[in-house]
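1. Sharing a model that was predicted from the sequence below.
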Amino acid sequence: MSDDGKRALRVAVLGCGSVGSQVVRLLSEQRDDLAARVGAPVELVGVAVRRLDAPRDVEVPEGLLTTDAAGLVARDDVDVVVEVIGGIEPARGLILSALENGASVVTANKALLAEDGPTLFEAAAKAERDLYYEAAVAGAIPILRPLRESLAGDKVTRVLGIVNGTTNFILDKMDTSGAGFSEALQEAQDLGYAEADPTADVEGFDAAAKAAILASLAFHSRVTASDVHREGISEVTAADVASARDMGSVVKLLAICELRGDQVAARVHPAMIPRSHPLASVREAYNAVFVESEAAGQLMFYGPGAGGAPTASAVLGDLVTVARNRIAGTRGAGESAYADRAVQPMGETRTRYHVAIDVDDRAGVLAAVANAFADHDVSIQTVRQEGRGADAQLVVVSHAAPDAALSATVAQLRQMDIVREVTSVMRVEGGDE
Ligand SMILES: NC(=O)c1ccc[n+]([C@@H]2O[C@H](COP(=O)([O-])OP(=O)(O)OC[C@H]3O[C@@H](n4cnc5c(N)ncnc54)[C@H](O)[C@@H]3O)[C@@H](O)[C@H]2O)c1
Ligand SMILES: N[C@@H](CCO)C(=O)O
Ligand code: NA
């Protein structure tokens, strides 16, 4: 019981790293406001860490630190468990036991949700408890709650997201300074945006996990990370970025989730988007999610997608919601996967390509290149020639066609005698098909 006689809402935090330390700080600094908003005091009862003596960015009140995360979630006086350890295990086991023990759970763990979300959702439904995870996609940006609640009466048809700050920072540097990928990556590492092992960000794993979560919510279906076609940015060259610039476009790593008939398509890859598209204005390490729905039309959600404090903001928002639900004796919306849609294979997904080719400037070359597209039933939208003689370059932008037909076209072009080199191949998004 608290001073005013109201039963306090008891919170355990698992992990006290970048996000966890900011959650602990906000719980203390905003104590009075949180109590007023929830309708009862919010009391931190334990913080599970790996090492008691590790340096951390927040002073944890005496006696609350423990290395026994399993023991903390097994306590019967914990109302809400905040999981900010990350990774698959022990996070999954801890979340499952927290739910079994009757606690509601708030997590920022995109990797776990994308790999094994259904197990967690089923456990939450069985325990009749909340499982909230706004921080898992695009950090502080409210995007999961809008999909889950605000747009629940609409029909979302497409979600296009810049959901990885590290890769957006690298591509933005390449665009503004003409740097190559390695140089831009090095700068991102020097500034602390990219990790020493940048694989999860640079190869698109982080964005693919977020795409799976977005597609599941947007289309009321189960989509896991393994359903998402994934390509990273390590092969994006200064020539690709320059070619985009010449077209009035910019290269972005996009998470693209689409409703295609009865199927869903989810993919992550670099793509050129016109500079006039709202996502083109997303610079540095910012994130944004562009949503298209039948009734609302186009919406864009923009802001910081990472960082301890911004991510903790989303965690605390969820915490207040699940705390209010506990007090009201109710739950928020659970998993909504009634639509049960199949995932469209990437080869069948309709995409558009931009292809830049070094050719000789002589009669018949353009016709031969056009024939290669026609051989695969791919319609051409625009062709531009730059340079003359031995320096001629053709830039072809296709209409939408199955991705397999487009990649077969590029393979054929690479085999042709008149093609000296295919210098840039990039998908095109955000314009007319
Ligand atoms: N940092 C961000 O910008 C950001 C943004 C969005 C989502 N997230 C997600 O938030 C979660 C946490 O990320 P982070 O950046 O704070 O990571 P972090 O590595 O800074 O913190 C994780 C902490 O958990 C601790 N830990 C590991 N095993 C533990 C155990 N068994 N018991 C107790 N503590 C343990 C680690 O010692 C570490 O201090 C991850 O799921 C991540 O994907 C982070
Ligand atoms: N590493 C991620 C942040 C956490 O999701 C990014 O660069 O956006
Ligand atoms: Na978010």
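-> That came through fine. Residues are numbered from 1 along each chain as shown. Ligands and ions are numbered 1, 2, ... in the order given.
2. So which residues make contact with stretch 172-184?
-> With contacts defined as Cβ atoms under 8 Å, 6 or more residues apart in numbering, stretch 172-184 is touched by 169-171, 187-188, 233-238, 241-242, 244-245, 250-251, 283-284. Glycine gets a C-beta too; all of them are placed from N, C-alpha and C.
3. how far out from the middle of the chain is that stretch?
-> Mean-position distance between stretch 172-184 and its chain equals 22 Å (Cα atoms, centre = their mean, to the nearest Å).
4. Restricting to C-alpha, output that stretch in PDB.
-> C-alpha atoms of stretch 172-184 as PDB (Å, rounded to 0.1, in the frame of the first residue of the first chain):
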ATOM      1  CA  ASP A 172      22.400   9.800 -46.100                       C
ATOM      2  CA  LYS A 173      26.200  10.300 -45.800                       C
ATOM      3  CA  MET A 174      26.800   8.600 -49.200                       C
ATOM      4  CA  ASP A 175      24.200  10.900 -50.700                       C
ATOM      5  CA  THR A 176      25.400  14.100 -49.300                       C
ATOM      6  CA  SER A 177      29.100  13.600 -49.400                       C
ATOM      7  CA  GLY A 178      29.500  11.100 -52.300                       C
ATOM      8  CA  ALA A 179      31.300   8.700 -49.900                       C
ATOM      9  CA  GLY A 180      31.500   5.000 -50.600                       C
ATOM     10  CA  PHE A 181      29.800   2.500 -48.300                       C
ATOM     11  CA  SER A 182      33.000   1.600 -46.300                       C
ATOM     12  CA  GLU A 183      33.800   5.300 -45.600                       C
ATOM     13  CA  ALA A 184      30.300   6.100 -44.500                       C
END
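5. Could you report the neighbour count for residue 370?
-> Neighbour count for residue 370, taken as other Cβ atoms under 10 Å: 15.
6. Can I get the buried part of the contacts of stretch 172-184 as one ChimeraX selection?
-> Entered in ChimeraX, the line below selects the buried ones among those, by 16 or more other Cβ atoms under 10 Å:
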select :169,170,171,187,188,233,234,236,238,241,242,244,250,251
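7. if you look at the contacts of stretch 172-184, which of them are in helices?
-> Using DSSP state H, the members of the contacts of stretch 172-184 that fall within helices are 169, 170, 171, 187, 188, 238, 241, 242, 244, 245.
8. okay, the fifth one: pLDDT?
-> Here the pLDDT value assigned to residue 188 is 96.
9. How about residue 5?
-> 58.
10. sorry, back to before: name the nearest of the ones in helices among the contacts of stretch 172-184 relative to residue 419.
-> Nearest to residue 419, judged by Cβ to Cβ, of the ones in helices among the contacts of stretch 172-184 is residue 242 at 19.4 Å.
11. On the pLDDT front, check the closest residue to that closest one other than its chain neighbours for me.
-> Nearest residue to residue 242, sequence neighbours excluded (Cβ to Cβ, 6 or more residues apart in numbering): residue 178, at 7.3 Å. In this model, residue 178 is scored at 95, pLDDT.
12. count of neighbours near residue 178?
-> Neighbours around residue 178, by other Cβ under 10 Å: 13.
13. Show me what the helix or strand that contains residue 406 is packed up against.
-> Assigned by DSSP states H and E, residue 406 falls within helix 403-415. Applying 3 or more Cβ pairs under 8 Å, 6 or more residues apart in numbering; DSSP states H and E, we find helix 403-415 packed against strand 350-359, helix 365-375, strand 419-428.
14. Name the residues of the first one that come out as buried.
-> Think strand 350-359. By 16+ other Cβ under 10 Å, the buried positions in strand 350-359 come out as 350, 351, 352, 353, 354, 355, 356, 357, 359.
15. how about the nearest residue to residue 61, chain neighbours excluded?
-> Residue nearest to residue 61 in three dimensions, not counting chain neighbours: residue 44, with 7.1 Å by Cβ to Cβ, 6+ apart.
16. Could you chop the protein up by domain?
-> Annotated domains of the chain cover 9-139+309-328, 144-304, 347-428 [automatic domain parsing].
17. To ligand 2, which of those lies closest?
-> domain 144-304 (3.4 Å; Cβ to the nearest ligand atom).
18. Do that closest one and ligand 2 come into contact?
-> Yes. Domain 144-304 is in contact with ligand 2 by Cβ under 6 Å from any ligand atom, via 164, 165, 166, 201, 206.
19. hmm, which two among the residues you listed are most spread apart?
-> 165 and 206 (9.5 Å).
20. Can you say which helix or strand has residue 271 in it?
-> strand 263-274.
21. Could you figure out how far that strand is turned away from helix 403-415?
-> 50 degrees (axes from the mean of the first three to the mean of the last three Cα atoms, to 10 degrees).
22. what kind of secondary structure is the closest residue to residue 6 other than its chain neighbours in?
-> Spatial nearest neighbour of residue 6, chain neighbours left out: residue 40 (4.6 Å); criterion: Cβ to Cβ, 6+ apart. Here residue 40 is coil, with the state taken from DSSP: H, G, I helix; E, B strand; the rest coil.
23. same thing with the one 5 residues further on?
-> Residue 45 carries the three-state label strand when classified by three-state DSSP.
24. Please enumerate the strands of the stretch 201-350 of the chain.
-> With DSSP state E, counting those that start in this stretch as the criterion, the stretch 201-350 of the chain has strands at 229-230, 249-260, 263-274, 286-293, 297-304, 350-359.
25. Quick one: closest of these to ligand 1.
-> Among those, strand 297-304 comes nearest to ligand 1, with 8.7 Å by Cβ to the nearest ligand atom.
26. and the closest one, does that touch ligand 1?
-> No. Strand 297-304 does not reach ligand 1 (Cβ under 6 Å from any ligand atom); its nearest approach is 8.7 Å.
27. now swap in stretch 273-292 and tell me
-> No. Shown here: stretch 273-292 not in contact with ligand 1 (Cβ under 6 Å from any ligand atom), separated by at least 9.8 Å.
28. Give me the distance from that stretch to the chain's centre.
-> Using Cα atoms, centre = their mean, the offset of stretch 273-292 from its chain centre is 13 Å.
29. Equivalent analysis for stretch 72-89, please.
-> So, by Cα atoms, centre = their mean, the centroid of stretch 72-89 is 24 Å from its chain's centroid.
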